[in-house]
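Colleague: Structure for this input, please:
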Amino acid sequence: MNKVILIGNLTRDPELTTTNGGVSVCRFSLAVTRRFANADGEREADFINIVVWRNQAENCAKFLKKGSKCAVVGRIQTSSYETPEGAKRYTTDIVADEVEFITSGARVGDSDGMVPSEPKRETVKQTAELEEIEDDSLPF
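Modeller: A predicted model of the protein is given here:
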């Protein structure tokens, strides 16, 4: 089984490109904080490359930007290529099957760089008066 679930913040704006066949592909990097602190008491982060395809790629490019928080469900894919100088390079990416936007791109990056909190929503309790119904009037 090859399945990955990540939650983190984009380290840069997504890059949307199109293949020669006209398929949209979006690439971005996600900073995922590690669960435990290091010896200095600081929590380090891993920077993970994400690849998203087709309509979902277009939505990511449209609604995400640097600093956006999102959840990604996908799979690990490794590949290699050779540089023009002849050196072999290896890459590891997460190919996303699902991307969930946790903060909207419009809310990220206001003047102090902080994401504003969700507005408080007031709930209104409505109590409905139920009128009594005789058993004889029920259709069943």
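
Colleague: what about the residue most central in space within the chain, which helix or strand?
Modeller: When CA atoms, centre = their mean is applied to the chain, the residue found nearest the centroid is Cys70 (2.5 Å). Per DSSP states H and E: Cys70 is located in strand 69-82.

Colleague: how far is that strand from where the chain is centred?
Modeller: Here strand 69-82 is found 13 Å from its chain centre; the criterion is CA atoms, centre = their mean, to the nearest Å.

Colleague: which intervals of this structure have sub-threshold pLDDT?
Modeller: 104-140 (pLDDT under 70).

Colleague: mind redoing it with 90?
Modeller: 103-140 (pLDDT under 90).

Colleague: Please enumerate the helices of it.
Modeller: Counting by DSSP state H, one finds helices in the chain at the ranges 54-63.

Colleague: which residues touch stretch 40-47?
Modeller: Outside stretch 40-47, the residues within contact range by CB atoms under 8 Å, 6 or more residues apart in numbering are 8, 11, 29-34, 36-38. The C-beta positions use only the backbone N, C-alpha and C, and glycine is treated the same way.

Colleague: Name the nearest of the residues you listed relative to Ala87.
Modeller: Of all the contacts of stretch 40-47, Ser29 has the smallest distance to Ala87: 22.3 Å, by CB to CB.

Colleague: The closest one and Lys66 touch, don't they?
Modeller: No: using CB atoms under 8 Å, Ser29 is not in contact with Lys66, being 9.6 Å away.

Colleague: can you list residues touching both of the two?
Modeller: Common contact partners of Ser29 and Lys66 (CB under 8 Å, 6+ apart): 10-12.
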